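Visitor: pasting the structure only:
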């Protein structure tokens, strides 16, 4: 069962909820249920939660491949140094397994509402969700099962791997159809963690997702990217941070934030820091986020590990930890780094990393913190790029879209917690003092995508940080050099396929691997990441 679960539609696993007067009729087979007795809306919130709550699935790789975070702890060698450490294969598999399961829930919604026109909005939302999830999967691995995926209950347990190019065409077509079928006058979805069933919000989300998918294609098919970006802009994308797609978690009911939970583990809390690359970038322009997102722990090892003690957020004191170092005592020990600031505390209470900045505990590490999926800031920055390229995405200038994106990114931090509040006046003053460089297209692209990196990094949406970095090439990052790398002196460009696929789906897996330039490795480039 386990080897095929990611391709299931979950009919056999659904549990009836609520009561019905005809008990004998619905209880004839306790192992089955049907659309007559199961409310398909219940699956929507589960799909949204599972899709958004990535935790270690983004921390172990993408958060450090993009040099947003950094760590000396060996468990993070996978991301910080491109060196295999414990659970490498498990984390290689996780996006494949977790996200196919989430997509399967959306497919199950569509099955349960077949023939129920009054629930067409729920079907449209489920389709939009499925596209978003498959977008994440294919951007992580490349060619993956799409047209035959999620059909194990019909006997398809070894689905073909579609080319990523064909997947993109299919996703955009499905997405357009789903958006057009949204109807303000019909029944709204319930159990909706994104927008509480608000159809206009879903329409804006759909077009913003369309824009994101379109912009991924700029390196390989700029003409097609332009067509779909213009269509998205005409349809109407996000208009404010109120549109930010995010899932608020609830640890009291067992649905806590997995990223926060991971970073609250003792070793993680002590040794996961903001990267030197990230902190230096914010400092270079006097970015007001620096004094909001980062803090220096109180001195000493005991204080460094005490999660109840707030750190010092003075922006002049913040210092990022360079990627590629450890605490092993050899040449790559952080104490041998030329700019090592020394420990805090002394003797047995010395904290080797005590002078390095960590994510502010009070801002990021609540187990009830939201998971960000797609934001107004991202959308405005993508529109800024589209406009800079000369595409017809409306009358607003590239410079104004850029400023909107920068301001929105700062204001969105308050959606984590009130301690993240940056006033509109402060954000607007920063944007005005650092306008978009329009001296050339490359100058504009550089600034726009550097801000996209800061936006998604500071909102802990690290998989998206990695994907847009691969697409845009900005910021320019120097890869880490360290002994024993699985991606030698090269920041990984994809994640290898789920480890069981070679045995469970051998021919289709082999066909997909044969289309990769360097085989099923971290160094192969996917379709839209052409050199």
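Guide: Right, received. Where do you want to start? Worth saying up front: this structure is predicted, and the values here are computed from it rather than measured. Numbers count the residues shown, from 1 in each chain.
Visitor: after the helix or strand containing residue 127 comes which helix or strand?
Guide: Following DSSP states H and E, one finds residue 127 within helix 120-141. Sequence order places strand 144-145 as the next helix or strand after helix 120-141, per DSSP H and E.
Visitor: Can you name the residues in contact with that following strand?
Guide: Here strand 144-145 makes contact (CB atoms under 8 Å, 6 or more residues apart in numbering) with 7, 96, 134, 137-138, 159-162, 164, 167, 508, 512. All C-beta spots, glycine's among them, are computed from the backbone N, C-alpha and C.
Visitor: How about stretch 482-496?
Guide: Identification of contacts with stretch 482-496 by CB under 8 Å, 6+ apart yields 61, 65-66, 81-84, 88, 92, 95, 140-142, 324, 332, 470, 477, 479-481, 520-526, 529.
Visitor: can you pull the pLDDT of the closest residue to residue 335 other than its chain neighbours?
Guide: Distance criterion CB to CB, 6 or more residues apart in numbering; nearest residue to residue 335, sequence neighbours excluded, is residue 352 at 6.8 Å. On the pLDDT scale, residue 352 is placed at 98.
Visitor: OK, contacts around residue 352?
Guide: Residue 352 makes contact with 72, 327, 334, 335, 343 under the criterion CB under 8 Å, 6+ apart.
Visitor: Turn these into JSON lines, including secondary structure and distance to residue 495.
Guide: Converted to JSON lines, these look like this (DSSP: H, G, I helix; E, B strand; the rest coil; distance: CB to CB, whole Å):
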{"residue": "72", "secondary structure": "coil", "distance to residue 495": "23"}
{"residue": "327", "secondary structure": "coil", "distance to residue 495": "27"}
{"residue": "334", "secondary structure": "helix", "distance to residue 495": "27"}
{"residue": "335", "secondary structure": "helix", "distance to residue 495": "32"}
{"residue": "343", "secondary structure": "coil", "distance to residue 495": "35"}
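Visitor: Farthest-apart pair in those, please.
Guide: 72 and 343 (12.6 Å; CB to CB).
Visitor: shared neighbours of the two, anything?
Guide: 352, 353.
Visitor: The two: who's more crowded?
Guide: Counted by other CB atoms under 10 Å, residue 72 and residue 343 do not tie: residue 72 has more neighbours, with 26 against 19.
Visitor: what's near enough to touch that one?
Guide: Contacts of residue 72 (CB under 8 Å, 6+ apart): 80, 271, 321, 325, 326, 327, 334, 352, 353.
Visitor: rerun that using 7 Å as the cut-off
Guide: Under the criterion of CB atoms under 7 Å, 6 or more residues apart in numbering, the neighbours of residue 72 are 271, 325, 326, 327, 334, 353.
Visitor: Check residue 233 too.
Guide: 211, 383, 393, 394.
Visitor: Dump the contacts of strand 144-145 into a markdown table; add distance to residue 231 and secondary structure as well.
Guide: Listed next are the contacts of strand 144-145 as a markdown table, based on distance: CB to CB, whole Å; DSSP: H, G, I helix; E, B strand; the rest coil:
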| residue | distance to residue 231 | secondary structure |
| --- | --- | --- |
| 7 | 31 | helix |
| 96 | 30 | helix |
| 134 | 19 | helix |
| 137 | 23 | helix |
| 138 | 20 | helix |
| 159 | 29 | coil |
| 160 | 29 | coil |
| 161 | 28 | strand |
| 162 | 23 | strand |
| 164 | 20 | helix |
| 167 | 18 | helix |
| 508 | 32 | helix |
| 512 | 30 | helix |
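Visitor: element containing the residue nearest to residue 507 when sequence neighbours are not counted, please.
Guide: With sequence-adjacent residues excluded and distances taken as CB to CB, 6+ apart, residue 507 is closest to residue 158, at 7.5 Å. In this structure, residue 158 sits in neither a helix nor a strand according to DSSP H and E.
Visitor: My guess is residue 158 contacts residue 508. True?
Guide: Yes - under the criterion of CB atoms under 7 Å, residue 158 makes contact with residue 508 at 6.1 Å.
Visitor: what's the burial count for residue 190?
Guide: If we define neighbours as other CB under 10 Å, then residue 190 has 14 of them.
Visitor: about what we covered before: of the contacts of stretch 482-496, buried ones?
Guide: For the contacts of stretch 482-496, a burial check counting by 16 or more other CB atoms under 10 Å picks out 61, 65-66, 81-83, 88, 92, 95, 140-142, 324, 332, 470, 477, 479-480, 520-526, 529.
Visitor: any low-confidence regions in this protein?
Guide: Applying pLDDT under 70 to the chain picks out residues 1-37.
Visitor: That one - how does it break down into domains?
Guide: 2-12+39-240+366-472, 264-364 (automatic domain parsing).
Visitor: Pick the most buried one from the ones you listed.
Guide: Among the domains of the chain, ranked by average contacts under mean count of other CB atoms under 10 Å, first place goes to domain 2-12+39-240+366-472 (a mean of 21).
Visitor: For residue 460, which non-adjacent residue is closest in space?
Guide: Excluding its sequence neighbours, the residue lying closest to residue 460 (CB to CB, 6+ apart) is residue 259, at 5.7 Å.
Visitor: and that neighbour, that's in a helix?
Guide: Yes - Residue 259: assigned to a helix according to DSSP: H, G, I helix; E, B strand; the rest coil.
Visitor: separation between it and residue 317?
Guide: For residue 259, the distance to residue 317 equals 25 Å [CB to CB, to the nearest Å].
Visitor: Cool, thanks, talk later.
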